[in-house]
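Participant: no FASTA, just this:
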C-alpha cells in the first residue's frame, strides 16, 4: 500500500511538473500576424446614441454608437473614422473639452436608450491627444453614463450623470461632481438604487445652473417598468452642490423618463417632454422662466412615443423657437413647440440631433440606421455611407465561392452578401431578404433557398433565390396546444442529415420535413412555463410597450447533432437545457447537472459537437438579471455532467461558442467585450485584438472550406478572421520549436478578372480576403539580432524572388502572389508602363528558404491552376512561352540601351578631348538607333512622342502577362513583327560596336582615356 501511495504521489508530481512546464502564449504572442478584416455593411449602418460637435470648428463632429465605439469626422460629416477601438464599444455620451477641444475628449460608456438588446459600458474615459490614447477615469460599475458637462471657464469642474444598471439595483447612479478634472468625484444627487440620472444639462450662459432628470426604471427579461414616484426634474443654482425639484405646472402622480433642454440663445427658455401617469398630460412642456413654471404645449404622438428610447430634445443654438425631438420619425417645430412636423426621409428611430456651428439649416441626425445629414433644415436627408456599425443578432455562411454571409440586423432587416468581391465588398453587394428586426437567416444546405425571420416570428420567410419567390412558413397554433410563445429572437435550425428538415422553437420544438410547408410538434413545453413571466401585455410601466421583445419562457437555441440526427439539444431563455436522443419522443432536462450558475439563467447558445455524439457546449448568460459573469460548459455524456471551461481571463458575459471541426481543443467564445480563443480546451483563454475591437460578438460561424472564422457583431457588422488553421496545429511540440512552418493550403491561381471598385471614396468598402499563397510559421522568440531573409526558389534551387519575413514571436504570415520580379525596362524619356507588370509563375511546388542568422529553414508552397479554368495545357504552355519571350526581350533591350548610353557617355568624353572625328560617327549612329528603341523627347502625358520599340514590346508584354489567356493570332503576328525589329536593332548595334567603336577605342588608348566599363547582363539585371 505504501509503495502504491508513493507511485501515485510520484505520478501526481510528474503531472504537476508537466503542467508547470507547459508553454503558453498570451494575446498577440499567440496570434501574431493573424488579423481580422471588416466587411460591413454600412448601407444600413447601426444605432447612433449621441452626436457631438467641436465648439469652434464646424467640420469636426463625433458620433457615439450603440455598440460600435466613437467615430470622428473632420470633414463636416462626409466620412467618419473610429477613435475608440480598444475600449468598451457601447457609448452613452461624448463630450469635448471647451478649452482644449482639439485634444481633450471625454467618453461615457454604456448605451442610455434602454431597449432589451443594449450593450453595457465599463466607465468613463478621457483622452488628451485627440483620441490616440485613452485613460479610464472611474465609474467602472456605472454600466451606463448619460451625461458629461464641463465648466467652460474652469474645466476642472465637471459633472457626470450616471443612469446606472438597467437590469438590477446599483449604488453607482445619480449626479457626480468633480473639482479636479475627474480625478475624484462626489455624488451630489442620489435617490436610490433604482433611480438613475437620465440627463444633466448645464445652462450655456451660467455654468452654476444645472438641470438633472432623474428616472426610476427597471428592465427584466420578461418586462420593462418605466416610471415611479422617484422620477423628477431637479435644478441646481450653486454648481451642483444642492438640488431642488422644479415641478410647478407638472401633473401630479408618477413620472417616467423626462427629456429636458435649455435654449442656448435664451436660457430662460426650457423644454421638457414628460412621461406621465395621466396619459392626457404627456407631452412637451415649456418654461419661460428657467424652470420656475411649466406649461403643456403639445401631446403629439411623435413627441411621447417610447420615452425610454426617445428622450432627446435639441434646440437651435440661434433660435429658441426651433425645437427638435427624437422619436420614430423625428419631430421639428419652428414656432416654439406649438406645432411639429416630421423630419425628412431617413431611417426611423431618431435618437440625437446636432445643429451645425454656423448654419442652423445644416443638421446631423443619429438614427437606428446610422448618421444622416441635411443642408435644408431637415427637409431632405442624406445618409453617411462609411460607418460600418451595423448590429447583427445572428449570422450563418454557405459554401459558395466566395462564400456568402447571412444575418439579421437590429431594426434593419435581414441581408446577405459575399465574403469577398471585386474591388472589395461594396454596398451594392448586399441583398435584402427580410424586414423589421432581422434575426436568423439560414441557407438551405443543398438548395438555393433561404429561411429568414423578423422579430418574434411575426414573419418567417422561405425565399427561393432563383425564382425570387417568398412564402411565409411560421408555425401557427394548432388544436390541443397552448398559444405559441416565440422569443423576440426566435430560434431556427436546419439539418445536415435531412436537408429539407427545418426546426423552429416556441415553447415547443417544431419540425418540418418539407421546408416549412407542414409542421409537427415533437416536444412538450420545454420551458419552466412560469406564468408570472408571461405578462408582456403589461410591460412598459407608465407607457405601454408590448413590442414582443419581452416574450419569455421560450426556446432560444436549437442544435441537432451532426453525428446523429436523433440527438437534439434545446436551450430556453428561462434556464433549461433539454436533450432528446430519440428524435423528440422523450426529453431530459439536464439543467440540474450544472453547478455554479444561478437558476433560470438564460441558455443563449448550444453547440452540438462534431467530436462526439454526446458532446455539446452550452453558453448561459445572466445579464438580464444583473449577472455579468461568463458561463460556458461542456458535456461529453449528453448532459449527465457539465464542466465549466471558463477561466479568469474571460471578461464579460458570453453569448456564443464555436468549436473547431478538426481540433476539439480549439474553441472560440463570443463575449460582450470581444472574441476569446483557447487552444487547450478552455484551460486558458486569450482575447483576440488584432484589428478586432472589444465589440459584442453575438454569433460565430466557421466556414469549413476556407477555415474562416466569421463573426456577427452587435455594433461593427461582420468581422472575419481568415483561415484559423494555424491555431488548430499549435501544440506543445510546436511551441517548443525555435521555428515551425504550418501546413498551408495551395494557392489557387484564379483566372477570373471581373470589374469592381465602383464605390466612392465616401462609401465604406469591406476588405477582401487574400488570394495569395501564405507562408505561415511560428517563432519561439522574436528575431532581433542577425540577418533574417526569405526567398522563393524554383524546384532546381534558382531564386525567383525575395520576400520580407516576419520576425515577431508567435504566428508570422508572409504572403506571395505567385509573381516574380518585374522586367527591367530600357531607360527612356518617359515611363515604361509595361515594366509595372510582374509575370506569374506556372502552377507547381516552390521552395521557401528562410535564413535566420546561421540557421536555414525550408518549406514549400504550392500553386494550383484554377479548377474552373477553360484553358488547356497547350494554352498555358503557349501563354508562359510568350510571356517569357517578351520578358526576355524587354530585359535584353534594356541592357542594349544601357550599353548604348555608356558608349555615348564615353563618346562625349572623347569628343570633348579633341576626338570629335572618331566620336562623331558613334554618337550620330547610336542616337539614331536609340531613337527607334526608346522615346527620347516629350513627357508622360500630352507631350509624349511616338511610341518606340520599348513601348511596343512592353505594351504587348503587359497585355498578355496581366491576363491568363494565351496570345491571340493578332498578338502573335505583332510579336513576330516586334521580334524582327528587335533583331534588326541588335544587328545594327552589333555593326556599330564592331565597325565604329573600335576606332574610338584606339583613339582612347592613345590619349590615355579609360576604357568603357560595362556591367555584365546579370549584374545589370540585379542592380
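Facilitator: Thanks, I have it. Everything numeric in this text was worked out from a predicted model, so none of it was measured. Numbers count the residues shown, from 1 in each chain.

Participant: Which secondary structure element is home to residue 745?
Facilitator: Using DSSP states H and E, residue 745 maps to neither a helix nor a strand.

Participant: Which residue is the nearest non-sequential neighbour of it?
Facilitator: Distances taken as CB to CB, 6 or more residues apart in numbering place residue 723 nearest to residue 745, at 7.2 Å, with adjacent residues excluded. C-beta here means a position set from N, CA and C on the backbone, and glycine is covered the same way.

Participant: Is it correct that the one you found is in contact with residue 743?
Facilitator: No: under the criterion of CB atoms under 8 Å, residue 723 makes no contact with residue 743, lying 10.9 Å away.

Participant: about what we covered before: name the SS class of the residue nearest to residue 745, please.
Facilitator: Following DSSP: H, G, I helix; E, B strand; the rest coil, we place residue 723 in the coil state.

Participant: Residue 922 now?
Facilitator: Following three-state DSSP, the label given to residue 922 is helix.

Participant: burial measure for the closest residue to it other than its chain neighbours, as a count.
Facilitator: Spatial nearest neighbour of residue 922, chain neighbours left out: residue 907 (4.6 Å); criterion: CB to CB, 6+ apart. If you count neighbours by other CB atoms under 10 Å, residue 907 ends up with 27.

Participant: in what helix or strand does residue 907 lie?
Facilitator: If you go by DSSP H and E, residue 907 is part of helix 873-910.

Participant: Could you check how far residue 949 is from residue 355?
Facilitator: Counting by CB to CB, to the nearest Å, the gap between residue 949 and residue 355 amounts to 65 Å.

Participant: higher neighbour count, those two?
Facilitator: Counted by other CB under 10 Å, residue 949 and residue 355 do not tie: residue 355 has more neighbours, with 23 against 19.

Participant: shouldn't the more buried one be in contact with residue 332?
Facilitator: No: counting by CB under 8 Å, residue 355 does not reach residue 332; the two are 11.2 Å apart.

Participant: quick one: the residue nearest to residue 745 from residue 875, how far?
Facilitator: Distance of residue 723 to residue 875, given as CB to CB: 31 Å.

Participant: Which stretches in the chain count as helices?
Facilitator: Taking DSSP state H, the helices of the chain run over residues 2-20, 28-31, 301-304, 725-729, 732-735, 873-910, 916-933, 949-961, 969-995, 997-1007, 1017-1022.

Participant: which helices and strands sit right next to the last one?
Facilitator: Counting contacts by 3 or more CB pairs under 8 Å, 6 or more residues apart in numbering; DSSP states H and E, helix 1017-1022 packs against helix 873-910.

Participant: Could you measure from the nearest residue to residue 365 once chain neighbours are set aside over to residue 115?
Facilitator: Closest residue in space to residue 365, ignoring its immediate chain neighbours: residue 372 at 4.6 Å, by CB to CB, 6+ apart. Going from residue 372 to residue 115 by CB to CB gives 20 Å.

Participant: same question, residue 719
Facilitator: To residue 115, residue 719 is 23 Å away according to CB to CB.

Participant: With neighbour numbers in mind, choose between the two.
Facilitator: Shown here are residue 719 and residue 115; by other CB under 10 Å, residue 719 has more neighbours (27 against 21).

Participant: Surely the more buried one and residue 37 touch.
Facilitator: Yes: Residue 719 is within contact range of residue 37, at 7.2 Å (criterion: CB under 8 Å).

Participant: count of residues packed around the residue nearest to residue 365?
Facilitator: Neighbours of residue 372 (other CB under 10 Å): 27.

Participant: Same check on the one 5 residues further on?
Facilitator: Applying the criterion other CB under 10 Å, we find 17 residues in the vicinity of residue 377.

Participant: For the closest residue to it other than its chain neighbours, give me its contacts.
Facilitator: Nearest non-adjacent residue to residue 377, counting by CB to CB, 6+ apart: residue 361, 4.4 Å away. Residue 361 makes contact with 374, 375, 376, 377, according to CB atoms under 8 Å, 6 or more residues apart in numbering.

Participant: of the residues you listed, buried ones?
Facilitator: Those of the contacts of residue 361 that meet the buried threshold are 374, 377, by 16 or more other CB atoms under 10 Å.

Participant: which among the contacts of residue 361 gets closest to residue 418?
Facilitator: Comparing these against residue 418 with CB to CB places residue 374 closest, at 32.8 Å.
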